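# With the input below, show me the fold.
(one chain, ligands or ions: 1)
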Amino acid sequence: MHWIDLRSDTVTPPTPAMRRAMAEAEVGDDVYGDDPTVQRLEELACELLGKDAALFVPSGTFGNQLALFTHCQPGDEVICGEDSHLVWHEVGAAAVIAGANLRPVPTQAGELGAEAIRPRIRPPGDIHLPKTALIALENAHSNGRALPLAGMQAVRRLADEKGIAVHLDGARLFNAAVALNEDPAALAACADSVMVCLSKGLAAPVGSLLLGSRDFIELARKKRKLLGGGLRQVGILAAAGLLGLTDMRERLQEDHANARLLAGLFDGQCGITVLHDQLDINLVWCRVPDALDGARLAADLLRDGIKINPPEDGLLRLVTHWAVSAEQARHSAQRLLDCIHAQGIAA
Ligand SMILES: *Cc1c(COP(=O)(O)O)cnc(C)c1O
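Numbers count the residues shown, from 1 in each chain. Okay, the predicted model is just below:
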């Protein structure tokens, strides 16, 4: 069966061009530092994001945790949004790997503002206090918002004033850049280190990149080895990542348009409310009726060839990507409404 998979943009199969590039990739041994395809990928990412050095890592979580491990000493604090991926979806790794404390801060719909950060920065000199070593931002936020550049710049100024490093979890940074119509380098300039995922909307099968200064990446390279993330003929994977960066970035706007198309077709029907103020990228978040049996909905759609994650806490997330066409988005919206109807929930 040809699935329509709306669970995530991580499900994207590599494009046919990626499969060819992988088959033909020129490779070396990246632990020796001589894999030319990885080098090309890292150089291109540096150009696009205005950073001096980059490092291929196996996953976004790996990249974020490697950043914390490189910026922080055990016991240091990382100021981050309480609704961030770091807090929710990285298995508590900050405590295990960097030995850092996360200091989760309330956000405004995902936006971690300078005003919220300022009072939480630990003053130096008091022996009771941990050190604030890092501020971690996330853009695009996994709530679907692309957060304005101005807010990030305000955080950058505060961090400079206090001498604190900034990390940007940019798993979907290119989605944010497209949605905001900003240069991704302008967003990356607000942070000392940036993680971007190649394996989400950019459709590479595996991999993320961590970027920063030469010194930072040199330290991170050693810690990547410590964590078992030194990969060998990884040009095979980098070849797909390169095409992600060259061919798949601009088309992310199609995914954003399809997300809005999909959302528009069921918003306000069968008790579904789309969270429009979070609909900046390819993630459609919507509130579904309490009476809805989410597991049954997912099972019914699956029989139709449509994969979704069941709603959690009354919220359903549907994700568009290159393997979901506008036509398939329309079809999915219709089938979703049909399946909700079938549960006796009125239009
Ligand atoms: C997906 C994601 C990550 C982690 O990426 P994995 O490759 O799944 O480990 C980190 N941060 C955000 C905001 C994400 O959406």
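# where's Ala146, which helix or strand?
Using DSSP states H and E, Ala146 sits in no helix or strand.
# my guess is it meets Asp280, correct?
Yes: Ala146 is within contact range of Asp280, at 4.1 Å (criterion: CB atoms under 8 Å). Where C-beta positions appear, they are placed from N, C-alpha and C, glycine not excepted.
# who touches both of those two?
140, 176, 179-180 (CB atoms under 8 Å, 6 or more residues apart in numbering).
# can you put the residues you listed in JSON lines and add distance to Ala150 and secondary structure?
Below are the shared contacts of Ala146 and Asp280 laid out as JSON lines (distance: CB to CB, whole Å; DSSP: H, G, I helix; E, B strand; the rest coil):
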{"residue": "Ala140", "distance to Ala150": "16", "secondary structure": "coil"}
{"residue": "Ala176", "distance to Ala150": "13", "secondary structure": "helix"}
{"residue": "Ala179", "distance to Ala150": "15", "secondary structure": "helix"}
{"residue": "Leu180", "distance to Ala150": "10", "secondary structure": "helix"}
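# Just the pLDDT at whatever residue of the chain ends up closest to the ligand, thanks.
Distances between the chain and the ligand by CB to the nearest ligand atom are smallest at Gly60, namely 2.2 Å. On the pLDDT scale, Gly60 is placed at 98.
# contacting residues for it?
Counting by CB under 8 Å, 6+ apart, Gly60 has contacts 85, 169, 171, 195, 197, 199-200, 208.
# Quick check: which of these are also close to the ligand?
Near the ligand, judged by CB under 6 Å from any ligand atom, the entries from the contacts of Gly60 are 85, 169, 171, 197, 199, 208.
# Helix, strand or coil: sort out the fifth one for me.
Going by DSSP: H, G, I helix; E, B strand; the rest coil, the secondary structure assigned to Ser199 is coil.
# That one contacts Val206, correct?
Yes: Ser199 is within contact range of Val206, at 5.7 Å (criterion: CB under 8 Å).
# Quickly list what's touching both of the two.
With CB under 8 Å, 6+ apart as the test, Ser199 and Val206 both reach Ser59.
# residues from the chain in reach of the ligand?
59-61, 64, 85, 138, 142, 169, 171, 197, 199, 208.
# ok, 5 Å please
Those residues of the chain that sit near the ligand, judged by CB under 5 Å from any ligand atom, are 59-61, 85, 142, 169, 171.
# quick one: which of those residues has the most company?
Asp169 (30 neighbours; other CB atoms under 10 Å).
# A strand includes that residue, no?
Yes: the assignment for Asp169 (three-state DSSP) places it in a strand.
# what are the bridge partners for it, then?
Counting by DSSP bridges, Asp169 is bridged to Glu138, Met195.
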